[in-house]
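Chemist: Quick one, fold the following:
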Amino acid sequence: MIYRILIVEDEPPSMRRIERCILQSGVTDVMIAGKAYNGAEALELIPSIRPHIILSDVRMPVMDGFALVEEVRRQYPLICIAMLSGYQEFDYVRKALQFQLTDYLLKPLNIDELASVLNKMKDTLFHSIHQAVDQYLRECIGHYATSAILPDELSSYHVFVFNQGWYYNGSFSYQLITPLDRDLCVLPAALTEQADHCWMLECGPPNQLLYVLGFVRPPEISPSWPEYLETFAQQKQLTIAGHLGASPSQLSAAVNNCRKWIASALIPDRGHFLDARLPLPHHPASVLSKGDEKNLLAPLEAGDLHRFSRTLSAILQQQLPPGSTQSAIYSLLDSILLSLRTYLFGLSDDRLQTLDLMLRELLLCTPAEQLREGFVSRVHRFLLSCDCLYGSSSSTDMILHQIASYLHQNYREQVELQTLACSFGISPTYLSTLFKKQYGMTPMKYLVSIRVERAKELICSHPDIPLRDVAQLVGYEDPHYFSRIFRITTGLSPSEFRAASHLKTDQKDGAL
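Modeler: Sure thing, here's the model as predicted:
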């Protein structure tokens, strides 16, 4: 990359001296792009020559160096600026650092000092460009859109997404690998050697990489490049999606098109180059139909895990024929797991997370020909480990009996469904479903029934006991709330129930 320099100096001899020092400094990749004799002329030149570096005198007619710096900082914040000053103005220049100068140089110029300042500016510019593009890439990866601004120093980009595993998961976040060792880069050297900038971003699993190459001048793209990359992919046994020669305005779309191409690749499709400049092929997503879902869940309702596994295998064989895409496979498997989570489990969050991790690990590590069998066997083992089939349920009955016993023994305590479920390793939803199936009511209604029955016993056996004490003895701190619950359950308030109980007692005594 060539860094363009604008010199701003009102005295011609000093201007020529600065030019000679730049040429003699030995600093590479710099060129004098323009000269101006005051700050106003410099501002007029900037849009046309687009300098990276400005070397400016302090005292000039029309617009001095400080006014120029202030305006450049406002309009062109990435430009590096160094002020040139005589010794007698040193303190004046030091105060000017508030304008965020990159550096300053004293006149007469020292070639070594100039070289040091120019090299420092080059490093600053390189990192500024690199960070700006890195931020841009992160945003368009995370959100498929970005408001970040690309630096105008780069005119063209090559984009590549690599997948060394069996499945590409676009939900993983990417992290920039820096500093990038080009010798370890997976891309062929014929591509990277031409680039002025190179970004490599790695996602969670080590088998997914994003490469972006940036060019100051658009590189020549031979019609044979796709064929060359196809051969390269075959040799490395990689799936590569690439977009060659994307303009800055196309970069976000190029990155995301590469990711979509990888996601739509056939399994197995290792050893192929996918040209993301072409229209993306359309592959309909596969989801579990209502009929298949009913057939799949019926064996679980009956407690027949082996029939469930056979049904699951048949569904996968029917809906995932040879040539199915990665996105189709993922959407079907995820749809199956969603049905299991929704209609069967309601398990604790840790158990549900196990399902998601199982699918992710399976798709990343399992060859296509083993995918169906691997998925069925993993789901089978998962169900066995959870021991949560409706019909198999000596252990389930035992757990429900333990929960009922716990409620009988602790009805006076403050019992919450969430705490109760967690103590038995079950989600609140699933606990309520199982408990209602067994006892005809949810655990919390069962608790209410225990409390009300115990309250009735206390009222009948202790006719003079205050109702406030009854409420507290059965687990209610608020007697008014206890009264409402009692009425809803029995149809009578506690005092009405007491009166009715006394009446029955009196009638019984009278009969005797």
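Chemist: quick one, helices of the stretch 1-150 of the chain?
Modeler: 12-24, 39-49, 65-75, 90-95, 111-143 (DSSP state H, counting those that start in this stretch).
Chemist: residues near His127, how many?
Modeler: The number of residues packed near His127 is 12, by other CB atoms under 10 Å. All C-beta spots, glycine's among them, are computed from the backbone N, C-alpha and C.
Chemist: whoops, Pro322 was the one
Modeler: Neighbours of Pro322 (other CB under 10 Å): 8.
Chemist: Please, which helix or strand holds it?
Modeler: Assigned by DSSP states H and E, Pro322 falls within no helix or strand.
Chemist: Which pLDDT value belongs to it?
Modeler: pLDDT for Pro322: 73.
Chemist: Adjust the sequence numbering to begin at 518 for everything that follows.
Modeler: Yes, from this point I'll number from 518; that puts the last item at Pro839.
Chemist: any idea how far it is from Leu791?
Modeler: Taking CB to CB, to the nearest Å as the measure, Pro839 falls 19 Å from Leu791.
Chemist: on that earlier part again, quick one: the helices of the stretch 518-667 of the chain as TSV, columns for mean pLDDT too.
Modeler: Output for the helices of the stretch 518-667 of the chain, formatted as TSV (pLDDT from 0 to 100):
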stretch	mean pLDDT
helix 529-541	92
helix 556-566	93
helix 582-592	87
helix 607-612	58
helix 628-660	84
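Chemist: mind giving me TSV with those and columns for distance to Leu718?
Modeler: Formatted as TSV, the helices of the stretch 518-667 of the chain follow (distance: least, CB to CB, whole Å):
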stretch	distance to Leu718
helix 529-541	36
helix 556-566	33
helix 582-592	31
helix 607-612	41
helix 628-660	6
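Chemist: Please, which helix or strand holds Gly759?
Modeler: Counting by DSSP H and E, Gly759 is found in strand 756-763.
Chemist: That strand packs against which elements?
Modeler: If contacts are counted by 3 or more CB pairs under 8 Å, 6 or more residues apart in numbering; DSSP states H and E, strand 756-763 sits against strand 673-680, helix 742-753, helix 768-780, strand 789-792.
Chemist: how about these in JSON lines, adding mean pLDDT and mean neighbour count?
Modeler: Listed next are these as JSON lines, based on pLDDT from 0 to 100; neighbours: other CB atoms under 10 Å:
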{"stretch": "strand 673-680", "mean pLDDT": "87", "mean neighbour count": "25"}
{"stretch": "helix 742-753", "mean pLDDT": "88", "mean neighbour count": "16"}
{"stretch": "helix 768-780", "mean pLDDT": "84", "mean neighbour count": "22"}
{"stretch": "strand 789-792", "mean pLDDT": "87", "mean neighbour count": "20"}
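Chemist: looking at these, which is closest to Arg567?
Modeler: Across the helices and strands packed on strand 756-763, Arg567 has its closest neighbour in strand 673-680 (16.0 Å, CB to CB).
Chemist: And that closest one, what does it pack against?
Modeler: If contacts are counted by 3+ CB pairs under 8 Å, 6+ apart, strand 673-680 sits against strand 725-732, strand 756-763, helix 768-780.
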